[in-house]
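Chemist: Sequence and predicted structure are below.
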Amino acid sequence: MKFPHWILPCALVLTALFFSSSGSAQPDFLLHATTAAPATADPAIAQALRVIQPADIEKTIQSLVGFGTRNTLSSMETDLPPGQGITAAADWIAAQFEEISKTCGGCLEVHRDTFTEPSSDRIPQPTTITNVYAIMRGSDPAQARRMVLVTGHYDSRVTNVLDAKTPAPGANDDASGVAVSLECARALTRLHLPATVVFVAVAGEEQGLNGSSHLAKLAHSEGWQLEAVLNNDIVGGNTTPGDTLQLKDRVRVFSEGVPTSATPEQARRIRALGEENDSPSRQLARAIADTSRTYFPSAAGAPFSAFLVGRPDRYLRGGDHTSFNREGFAAVRFTEWREDFNHQHQNIVLPPSGSSDPILGDLIQFVDFNYVANVARLNAATLATLASSPGQPVKVAMVTKKLDNGSTLQWEAPAGAASNVHYELLWRETTAPDWQFVQTVPSPAADGPITVTVPISKDNVVFGVRAVDGAGHRGLVVVP
Ligand SMILES: [Zn+2]
């Protein structure tokens, strides 16, 4: 029997009638399109976010500043006063995770991963580096292999990156990011999330991303199914008196375009299809923006948003997300709107009173704990949403057997997906920064590939697919 091309046996076929009765010239992708809108907030996640309080963030940053220096090289110093230096800071962070774990019946596995980094430009002798992290295993055995991760770096520096003794408070860079990891743990341990969440503080960032590189390679070699890495670095909302250009209602989210890990063949395909703006990291950044619209609705009077930046990092700068990108993981960087470089990577200099010279040094007095709390809430909401979602559809493909003006997409369910999963087909104009339109795809009646055909030309838009559970938790979008 010969079927017309759009009838696909054993598959779901959507053939909405997309004909304009008036014959008016509307682009096909606008006809009967539903505008993409924020999800409804999950009350349990919203409740957990209330646990995150500026006072706890202040205590964390105050404690980390109290270690004098957290320069990575200070792990090799033998004459530091007791309670000073990066090793004492690692002990303290591990103790915080243990304390949080007590509140959830031991739900965190706290790890101290200590290794020796060989000598390099910024490491004059083989140096002991410790990553501290806590794993909250997923509550659903079918989902627990999936992981999401939040990280900040607890090492700090002064003007000379090799100086392991001079006080290096690193309040913004990056005690603020460590505070985000700890607050995410404090909040999310109140929830039973189906997938696994990892809360991280790495060292060696200032010496060359050593801690994150070690952890990302470990994750790769152990086959961690990491779907999202959120790196928080300089999220203190720097408050310099007189700076009128700082913005406290948004955080920048940087993401790579063409994946660092793409093979030449993959890069060729990305160029051929114009998918330079659709890496997994870019989809993660869009998911963060989506989450901000759900949990910080502007109608609530306290808007806080993700300002997406389509580049891997700021000019002349790098960060720990890059280590994860190199290992093929989706990873992004959160950073405050406007940095004050007098308060980063500087020896402390307090000018005499009456002087117009700026104060130098990464001091806690310039950190805005309310701002860090909002960044932490956005991180926690994103982690909770992704860990509650069904994960990502697999083998997402555009079926292109012949030239035609419609589009047929095919994919398979995420591994271990529950029966209440449905899908959303999203699309946007190729020049649009974020998803514009959505069409719900009902759950298939039987196992096997899911196929959808729409009378929209794939040449003019970008399509993506995401999986959504019965409660509305959205997974990351996958483009064919
Ligand atoms: Zn940093």
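Modeler: Sure, I can see it.
Chemist: which bits of this protein sit near the ion?
Modeler: Selection of the chain residues close to the ion by CB under 5 Å from the ion yields Asp173, Asp174, Asp233. In short, each C-beta sits where N, CA and C put it, glycine included.
Chemist: For those residues, pick the one with the most neighbours.
Modeler: Asp174 (33 neighbours; other CB atoms under 10 Å).
Chemist: Is it in a helix, a strand, or coil?
Modeler: helix (DSSP: H, G, I helix; E, B strand; the rest coil).
Chemist: per-residue confidence averaged over the helix ranked longest in the chain?
Modeler: For the chain, the longest helix by residue count, based on DSSP state H, is helix 369-388. Mean pLDDT, computed over helix 369-388, is 98.
Chemist: Tell me the helix or strand right after it.
Modeler: strand 394-398 (DSSP states H and E).
Chemist: which residues sit against that following strand?
Modeler: 407-415, 449, 458, 463, 465, 478-480 (CB atoms under 8 Å, 6 or more residues apart in numbering).
Chemist: Give me the buried subset of these.
Modeler: By neighbour count, with 16 or more other CB atoms under 10 Å, the contacts of strand 394-398 hold 407-411, 413-414, 449, 458, 463, 465, 478-480 as buried.
Chemist: returning to that earlier point: now for the contacts of strand 394-398, which pair is the farthest apart?
Modeler: Using CB to CB, the contacts of strand 394-398 span at most 26.8 Å, a distance reached by Ala415 and Lys458.
Chemist: show me what contacts the closest residue to Glu205 other than its chain neighbours?
Modeler: Take Glu205 and drop its neighbours on the chain: the residue closest to it by CB to CB, 6 or more residues apart in numbering is His153, 3.6 Å away. His153 is in contact with 174, 177-178, 201-206, 211-212, 233, 320, counting by CB under 8 Å, 6+ apart.
Chemist: quick one: which of the contacts of strand 394-398 sit in strands?
Modeler: Ser407, Thr408, Leu409, Gln410, Trp411, Glu412, Phe463, Val465 (DSSP state E).
Chemist: Please produce JSON lines containing those residues, extended by pLDDT.
Modeler: Output for the ones in strands among the contacts of strand 394-398, formatted as JSON lines (pLDDT from 0 to 100):
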{"residue": "Ser407", "pLDDT": "94"}
{"residue": "Thr408", "pLDDT": "95"}
{"residue": "Leu409", "pLDDT": "96"}
{"residue": "Gln410", "pLDDT": "96"}
{"residue": "Trp411", "pLDDT": "96"}
{"residue": "Glu412", "pLDDT": "95"}
{"residue": "Phe463", "pLDDT": "98"}
{"residue": "Val465", "pLDDT": "98"}
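Chemist: Between those, which sits nearest the ion?
Modeler: Comparing the ones in strands among the contacts of strand 394-398 against the ion with CB to the ion places Val465 closest, at 35.2 Å.
Chemist: Wait, the closest one touches Val478, no?
Modeler: Yes: taking CB atoms under 8 Å as the definition, Val465 is a contact partner of Val478 at 5.7 Å.
Chemist: Now do the residue in the stretch 201-350 of the chain positioned nearest to the ion, the pLDDT please.
Modeler: Nearest to the ion in the stretch 201-350 of the chain, going by CB to the ion, is Asp233, at a distance of 4.1 Å. The model reports Asp233 with a pLDDT of 98.
Chemist: Next, it: phi, psi?
Modeler: The phi/psi pair for Asp233 (degrees, to the nearest 10) reads phi -140, psi 110.
Chemist: can you tell me how far it sits from Val178?
Modeler: 10 Å (CB to CB, to the nearest Å).
Chemist: Check the contact lists of those two and give me the overlap.
Modeler: Joint contacts of Asp233 and Val178 (CB under 8 Å, 6+ apart) are Gly152, His153.
Chemist: one step back: identify the contacts common to Val465 and Val478.
Modeler: Joint contacts of Val465 and Val478 (CB under 8 Å, 6+ apart) are Pro393, Val396, Trp411.
Chemist: pretty sure the first one contacts Ala467?
Modeler: In this case it means Pro393. Yes: using CB under 8 Å, Pro393 is in contact with Ala467, at 5.4 Å.
Chemist: Pretty sure Ile135 sits in a strand.
Modeler: Yes: residue state for Ile135 (three-state DSSP) corresponds to a strand.
Chemist: quick one, what contacts it?
Modeler: Leu108, Glu109, His111, Thr196, Val197, Val198, Phe199.
Chemist: Local confidence estimate at the first one?
Modeler: The model reports Leu108 with a pLDDT of 98.
Chemist: Is it bridged to anything, and to what?
Modeler: Met136 (DSSP bridges).
Chemist: isn't it right up against Gln96?
Modeler: No: counting by CB under 8 Å, Leu108 stays clear of Gln96, with 10.3 Å between them.
Chemist: Looks like Cys104 contacts Arg190 (just checking).
Modeler: Yes: at 7.3 Å, Cys104 and Arg190 qualify as touching, with contact defined as CB under 8 Å.
Chemist: For the chain, give me the ranges with low pLDDT.
Modeler: 1-24 (pLDDT under 70).
Chemist: at 80 instead, please
Modeler: 1-24, 32, 297-302, 442-446 (pLDDT under 80).
Chemist: bridging residues for His422?
Modeler: Beta-bridge partners recorded for His422 (DSSP bridges): Val468.
Chemist: Tell me how far Lys401 lies from the ion.
Modeler: 49 Å (CB to the ion, to the nearest Å).
Chemist: Right, I'll leave it there.
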